[in-house]
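Peer 1: missing the sequence, but the structure's below:
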């Protein structure tokens with residue numbers, strides 16, 4: 001009896017034969033997760049070549065055939081979305097997927113809601129286009145939180161507001177829950193302080209001066225601002241204000 005692997009990544013009615021080890025997997029991610037290293041008894045290839053899949057197998061009648069979206073034997077449709085280039089199958093009605101010729105892979109989302117940035121070499125949401133900061137080959141790096149390779153990621157990715165770096169949306173949510181509000185790559189603040197927040201801390205700072213000794217007031221502290229990245233030497237206080245932009249989002 002043929003054992004079929006359950007897939008947690010995609011819904012589909014067929015399995016793909018990995019070109020490297022000739023074993024059937026529901027998807028390339030299932031194959032990659034099974035990789036245990038070059039010295040293991042399993043496949044010696046860490047990342048399956050999605051483009052070179054030559055054979056698939058129907059999960060209903062077990063018929064083997066070349067890649068397509070219909071079973072040659074029982075006629076079942078394998079998925080509502082099928083990409084003949086990436087050999088990607090997805091039958092989840094809640095997911096929208098499109099193939100980007102410039103990215104050379106399928107992307108999660110609606111085609112009309114994305115644009116391809118030539119410099120970053122990746123598809124991005126049209127909603128961030130006006131304020132988008134380009135960085136050469138931005139996705140050819142790992143997520144600074146989970147360390148997954150961004151370019152091949154199946155998760156939603158977004159750019160930080162005040163710097164050109166990218167991160168998984170879920171990883172950003174985890175950062176914010178832990179009270180981490182700076183880009184892990186360059187330490188720039190995710191959210192810059194508003195003028196109202198600065199004015200409120202100005203008043204608190206003035207009040208706190210009365211609580212400090214003369215010796216403390218004479219102290220000078222070297223700080224770096226997470227909002228503008230400027231370095232300053234400022235008078236000691238409970239809250240340390242950037243001499244360049246006025247923000248209190250600073251570190252010693």
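Peer 2: In hand now; what should we look at? What you see is a predicted model; the values in this text were computed from it and never measured. Numbers count the residues shown, from 1 in each chain.
Peer 1: pLDDT weak spots in the stretch 1-150 of the chain?
Peer 2: 1 (pLDDT under 70).
Peer 1: Mind doing that once more with 80?
Peer 2: The model of the stretch 1-150 of the chain has pLDDT under 80 over residues 1-5, 37-42, 128, 131, 133, 135-140.
Peer 1: for the stretch 151-252 of the chain, same thing?
Peer 2: 151-156, 158-159, 161-164, 209-212, 214, 217, 238.
Peer 1: can you give me the helices for it?
Peer 2: Remark: helices assigned in the stretch 151-252 of the chain by DSSP state H, counting those that start in this stretch are 169-177, 195-209, 214-217.
Peer 1: Report all helices and strands that the first one contacts.
Peer 2: By that I understand helix 169-177. If you count contacts as 3 or more C-beta pairs under 8 Å, 6 or more residues apart in numbering; DSSP states H and E, helix 169-177 packs onto strand 157-159. Just so you know, the C-beta spots here come from the backbone N, C-alpha and C atoms, and that holds for glycine as well.
Peer 1: correct me, but residue 119 touches residue 134?
Peer 2: Yes - using C-beta atoms under 8 Å, residue 119 is in contact with residue 134, at 4.2 Å.
Peer 1: tell me the centre residue of this structure?
Peer 2: When C-alpha atoms, centre = their mean is applied to the chain, the residue found nearest the centroid is residue 168 (2.8 Å).
Peer 1: Which residues does that one form beta bridges with?
Peer 2: residue 157 (DSSP bridges).
Peer 1: so residue 98 sits in a strand?
Peer 2: Yes - according to DSSP: H, G, I helix; E, B strand; the rest coil, residue 98 belongs to a strand.
Peer 1: Could you list the domains of the chain?
Peer 2: According to automatic domain parsing, the chain comprises the domains 1-92, 97-177, 195-251.
Peer 1: need those in CSV with distance to residue 185, can you?
Peer 2: Shown next, in CSV, are the domains of the chain (distance: least, C-beta to C-beta, whole Å):
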stretch, distance to residue 185
domain 1-92, 24
domain 97-177, 5
domain 195-251, 13
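Peer 1: What strands flank the helix or strand residue 82 falls within, and is each parallel or antiparallel?
Peer 2: Applying DSSP states H and E as the criterion places residue 82 in strand 81-83. Using DSSP bridges, the strands paired with strand 81-83 are strand 88-90 (antiparallel).
Peer 1: got the contact list for residue 67?
Peer 2: Contacts for residue 67 were tallied using C-beta atoms under 8 Å, 6 or more residues apart in numbering; they are 16, 53-56, 84, 87.
Peer 1: Now with 6 Å, please.
Peer 2: Residue 67 makes contact with 53, 56, 87, according to C-beta atoms under 6 Å, 6 or more residues apart in numbering.
Peer 1: State the distance from it to residue 31.
Peer 2: Distance, residue 67 to residue 31, by C-beta to C-beta, to the nearest Å: 15 Å.
Peer 1: Distance of the residue nearest to the centre of the chain relative to residue 147?
Peer 2: 11 Å.
Peer 1: Check residue 230 too.
Peer 2: Taken as C-beta to C-beta, the span from residue 230 to residue 147 is 30 Å.
Peer 1: who has more neighbours, those two?
Peer 2: residue 230 (14 against 9; other C-beta atoms under 10 Å).
Peer 1: Quick check: closest non-adjacent residue to that one.
Peer 2: residue 244 (3.6 Å; C-beta to C-beta, 6 or more residues apart in numbering).
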